[in-house]
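Peer 1: Predicted model follows, preceded by the sequence.
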Amino acid sequence: MRLHGLLSFPLTPFTTDGKVNLAVLADHVEQQLAAGPSGLFVACGTGEFTSLSLQEYREVVGIAVQVAAGRAPVFAGAGGGPAMARDFAIAALEAGADGLLLLPPYLVHSTPAGLVEHVRYVAEATPLPITVYQRANAVLDPDAAVALLDVPTVVGIKDGKGDVSAMLRLVTAIRTSGHPRADEFGFLNGLPTAELSVQAYRSIGVESYSSAVLCFVPDIATAFYRAVTTGDAATVQRLLAAFYLPFVALRDLVPGYAVALVKAGARLGGLDVGSVRPPLVDATDEHVERLAAIIAAGRRAL
């Protein structure tokens, strides 16, 4: 289950009356698969995991598994408190998911060793492979990262913290640990708009990354990935300047725009994904217009 390359984190579409729109979700997942990612991560951050009921979550994961039909592995988000995370992990298994992305525990701050015990607790509930998402109140140190190797179903770490030096320490600690699973263990760059940091992370051995941009401009996202992996520095710089840097500047104006702007982009592309659920707020009309201009500039840069 060690993943390589570009990873898709699909949105969760909602109807005008606030229900999960499973028909649009199926279309969205099919479009994501057409872009050729090495894995789908549904009901995670971009998929508004924290806003979903357990039943909605089952439906979202089930549709993704059904549409993927084995063409790409489907990972499902699971998080909250330990008991809640276990419930969602079991639901993901029952819905046919291939693995889990374990999100940070709800609110509670602890030690890196305590985080490892949280992972163990959730892992006991299901045989599914688990990628541990470190960010916010869930941050590992080298000893804790190596300890994860002794949890047989933990297959990787996704970094959303953004400290390249600290991540280098985790990668080095695991790769030089001598543990029989050290070489197969995976690392993912999970920063918002990871394209901005992909070159720095690749230099420390973290080649896979999540791309929310893939959800609404797959042509730009895949062109950027090809440019990075083939060493086409000119295209990388051109797309950073024309699209990614302006997009991130707009994204940073409002908390929660890492999801809301992506949904706005999907709507601009003709996909009726609906609004975000509270406490997130939808992008303003002015910001949607700016996003449309940024997308147009990105496509001209192609």
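Peer 2: Here it is on my side, so go on.
Peer 1: Flag every buried residue along the top helix by length along the chain.
Peer 2: Longest helix of the chain, by residue count under DSSP state H: helix 285-301. The neighbour-count check on helix 285-301 (16 or more other Cβ atoms under 10 Å) flags 287, 288, 290, 291, 294, 295, 298, 301 as buried. For glycine as for every other residue, the C-beta is placed from the backbone atoms N, C-alpha and C.
Peer 1: was I right about residue 271 contacting residue 28?
Peer 2: Yes: contact criterion Cβ atoms under 8 Å: residue 271 and residue 28 qualify, at 6.0 Å.
Peer 1: on that earlier part again, mind exporting the longest helix of the chain as CSV, just the C-alpha atoms?
Peer 2: Provided in CSV are the C-alpha atoms of helix 285-301 (Å, rounded to 0.1, in the frame of the first residue of the first chain):
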residue,chain,number,x,y,z
ASP,A,285,-18.7,36.3,-5.6
GLU,A,286,-15.7,38.6,-5.9
HIS,A,287,-13.3,35.8,-4.9
VAL,A,288,-14.9,33.4,-7.3
GLU,A,289,-14.4,35.9,-10.1
ARG,A,290,-10.7,36.1,-9.1
LEU,A,291,-10.5,32.4,-9.0
ALA,A,292,-11.9,32.1,-12.6
ALA,A,293,-9.2,34.6,-13.8
ILE,A,294,-6.5,32.6,-12.0
ILE,A,295,-7.7,29.4,-13.7
ALA,A,296,-7.7,31.1,-17.1
ALA,A,297,-4.2,32.3,-16.5
GLY,A,298,-3.0,28.9,-15.5
ARG,A,299,-4.5,27.3,-18.7
ARG,A,300,-2.8,30.0,-20.8
ALA,A,301,0.5,29.1,-19.1
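Peer 1: helices or strands next to that helix in the packing?
Peer 2: helix 218-230, helix 233-239, helix 245-251, helix 257-268 (3 or more Cβ pairs under 8 Å, 6 or more residues apart in numbering; DSSP states H and E).
Peer 1: Need the three-state assignment for the residue lying farthest from the centre of the chain.
Peer 2: Distance to the chain centre peaks in the chain at residue 178, reaching 29.1 Å (criterion: Cα atoms, centre = their mean). Counting by DSSP: H, G, I helix; E, B strand; the rest coil, the backbone at residue 178 sits in coil.
Peer 1: just to revisit the earlier point, shared neighbours, residue 271 and residue 28?
Peer 2: residue 13 (Cβ atoms under 8 Å, 6 or more residues apart in numbering).
Peer 1: Those two: who's more crowded?
Peer 2: Shown here are residue 271 and residue 28; by other Cβ atoms under 10 Å, residue 28 has more neighbours (26 against 19).
Peer 1: Using the three-state scheme, assign that one.
Peer 2: helix.
Peer 1: Next, the contact list for it, please.
Peer 2: Contacts of residue 28 (Cβ under 8 Å, 6+ apart): 10, 11, 13, 215, 266, 271, 273.
Peer 1: Could you count how many residues lie near the second one?
Peer 2: When you say that, I think you mean residue 11. So residue 11, with other Cβ under 10 Å, has 26 neighbours.
Peer 1: Ok, the third one next?
Peer 2: Per other Cβ under 10 Å, the neighbour tally for residue 13 reads 26.
Peer 1: wait, it sits on residue 20?
Peer 2: Yes: Residue 13 is within contact range of residue 20, at 7.1 Å (criterion: Cβ under 8 Å).
Peer 1: Check the gap between residue 37 and residue 113 for me.
Peer 2: 34 Å (Cβ to Cβ, to the nearest Å).
Peer 1: Looking at the two, which is more packed in?
Peer 2: More crowded of residue 37 and residue 113, by other Cβ under 10 Å: residue 37, with 26 against 12.
Peer 1: I figured the more buried one was touching residue 212, is that so?
Peer 2: No: shown here, residue 37 and residue 212 do not form a contact pair, counting by Cβ under 8 Å, at 12.0 Å.
Peer 1: Now do the helices in this protein.
Peer 2: Using DSSP H, helices in the chain cover 22-34, 54-68, 82-94, 112-123, 142-147, 164-175, 198-202, 218-230, 233-239, 245-251, 257-268, 285-301.
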